[in-house]
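Colleague: Dropping the sequence and predicted coords here.
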Amino acid sequence: MQISLDKQVALVTGASSGLGAAAAKALAAAGAAVVVNYNSHAEPAERLVAEIREAGGKAIAVGADVSKEDDVERLFAATIDTYGALDILVANSGLQRDAATVDMTLADWNKVIEVNLTGQFLCARAALRQFQKQGPRSWLSRAAGKIIHMSSVHQLIPWAGHVNYAASKGGIDLLMRSIAQEVGEQRIRVNSIAPGAIRTAINEENTQGDAEKKLLELIPYGRVGEVDDVANAVVWLASDLSDYVHGTTLFIDGGMSLYPGFRNNG
């Protein structure tokens, strides 16, 4: 079954590379006009926009730091100025600043929380305000708006040496579910995606050779994920095929969250 998001408008944060770029391409291929958000490097975002347009899609690139309220407001204003509405938010921006807890600086703690968690709050709030302002666009979608938060298996699995990242992703879980509880009666759908080990440029060192073999011990399904595994789920959650899916997290991890180390009784 082919999914159509024709004439819908999607905003993807952190979309210049990795999961965000794959999600933006997949949404555009399904017919959505896409806003490709980036933080500091415009060139990859502009290349992605050009690629989408060459394939017959609609896209613009807009720079904004999602951890800053004024930037988020400007990002959403640019979206509305260009396309007149918003139907889908993919709150994807995220980063890591890894260290053992005893060595972690307050600056690195704050930076990860600000981008990964506060940024998702600011974007979700702006999307909700726009959905409420414009009202349902029922000729395009059964939902009055769709928010997809990008989380991680580490909203569930503890991750020593990454307490700021794991805390931010755990926060996303309750952020998402609390928003979903609050706005469901408005027919605004809110969900999360929790990827496991995905083959992206940032994970290249851990998804090749001996490192990959070691990683596969944590993945019962026996392969590392690809960005399209996540992008396809984004499109599904943005479509009416998932219209009764609300307030839940879709784990895309090949079974990593099943704690495979306990397969033989621990």
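Modeller: Noted; the coordinates are in hand.

Colleague: which residues of the protein fall in strands?
Modeller: With strands called from DSSP state E, the chain shows them at 9-12, 33-38, 58-63, 88-91, 145-150, 188-195, 249-252.

Colleague: tell me the contacts of V235?
Modeller: Taking Cβ atoms under 8 Å, 6 or more residues apart in numbering, we find V235 in contact with 3, 5, 23, 26-27, 30. Quick note: C-beta positions are derived from backbone N, CA and C, even for glycine.

Colleague: Just the pLDDT for L95.
Modeller: You'll see L95 listed with a pLDDT of 95.

Colleague: quick one, what contacts it?
Modeller: L95 makes contacts with 111-112, 115-116, as judged by Cβ under 8 Å, 6+ apart.

Colleague: how about 7 Å then?
Modeller: 112, 115-116 (Cβ atoms under 7 Å, 6 or more residues apart in numbering).

Colleague: For A33, which non-adjacent residue is spatially closest?
Modeller: Using Cβ to Cβ, 6 or more residues apart in numbering and skipping residues adjacent in sequence, the residue nearest A33 is K58, 3.9 Å away.

Colleague: Now do that neighbour against L250, distance only.
Modeller: Separation of K58 from L250 (Cβ to Cβ, to the nearest Å) stands at 26 Å.

Colleague: Same question for M256.
Modeller: For M256, the distance to L250 equals 14 Å [Cβ to Cβ].

Colleague: Neighbour count for the two, which is higher?
Modeller: More crowded of M256 and L250, by other Cβ atoms under 10 Å: M256, with 23 against 19.

Colleague: can you give me the helices for the stretch 101-250 of the chain?
Modeller: Taking DSSP state H, counting those that start in this stretch to define them, one finds helices in the stretch 101-250 of the chain at 106-113, 119-134, 163-183, 209-216, 227-238.

Colleague: Adding distance to A77, write these out as TSV.
Modeller: Converted to TSV, these look like this (distance: least, Cβ to Cβ, whole Å):
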stretch	distance to A77
helix 106-113	25
helix 119-134	9
helix 163-183	22
helix 209-216	42
helix 227-238	22
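
Colleague: Please render those as CSV that adds distance to Y83 and mean pLDDT to the earlier fields.
Modeller: Output for the helices of the stretch 101-250 of the chain, formatted as CSV (distance: least, Cβ to Cβ, whole Å; pLDDT from 0 to 100):
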stretch, distance to Y83, mean pLDDT
helix 106-113, 31, 98
helix 119-134, 11, 98
helix 163-183, 22, 98
helix 209-216, 40, 90
helix 227-238, 15, 98
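
Colleague: So for A10, which of these sits nearest?
Modeller: Closest approach to A10 among the helices of the stretch 101-250 of the chain (Cβ to Cβ): helix 227-238, 6.8 Å.

Colleague: what angle do that closest one and strand 188-195 make?
Modeller: Angle, helix 227-238 to strand 188-195, by axes from the mean of the first three to the mean of the last three Cα atoms, to 10 degrees: 160 degrees.

Colleague: how about helix 227-238: buried residues?
Modeller: Neighbour-count burial for helix 227-238, with 16 or more other Cβ atoms under 10 Å as criterion, is recorded at 227, 229-238.

Colleague: And for stretch 4-18?
Modeller: For stretch 4-18, burial by neighbour count (16+ other Cβ under 10 Å) applies to 5, 7-18.

Colleague: Equivalent analysis for stretch 81-90, please.
Modeller: By 16+ other Cβ under 10 Å, the buried positions in stretch 81-90 come out as 83, 85-90.

Colleague: Pull out the buried positions in the worst-scoring helix or strand of the chain on mean pLDDT.
Modeller: Least confident helix or strand of the chain, by mean pLDDT, DSSP states H and E, is helix 209-216 with a mean of 90. By 16+ other Cβ under 10 Å, the buried positions in helix 209-216 come out as 212, 215-216.

Colleague: Repeat that for stretch 120-134.
Modeller: By 16+ other Cβ under 10 Å, the buried positions in stretch 120-134 come out as 120-124, 126-128, 130-131.

Colleague: Looking at the helices of the stretch 101-250 of the chain, spot the one closest to V66.
Modeller: Closest to V66 of the helices of the stretch 101-250 of the chain is helix 119-134 (Cβ to Cβ; 3.5 Å).
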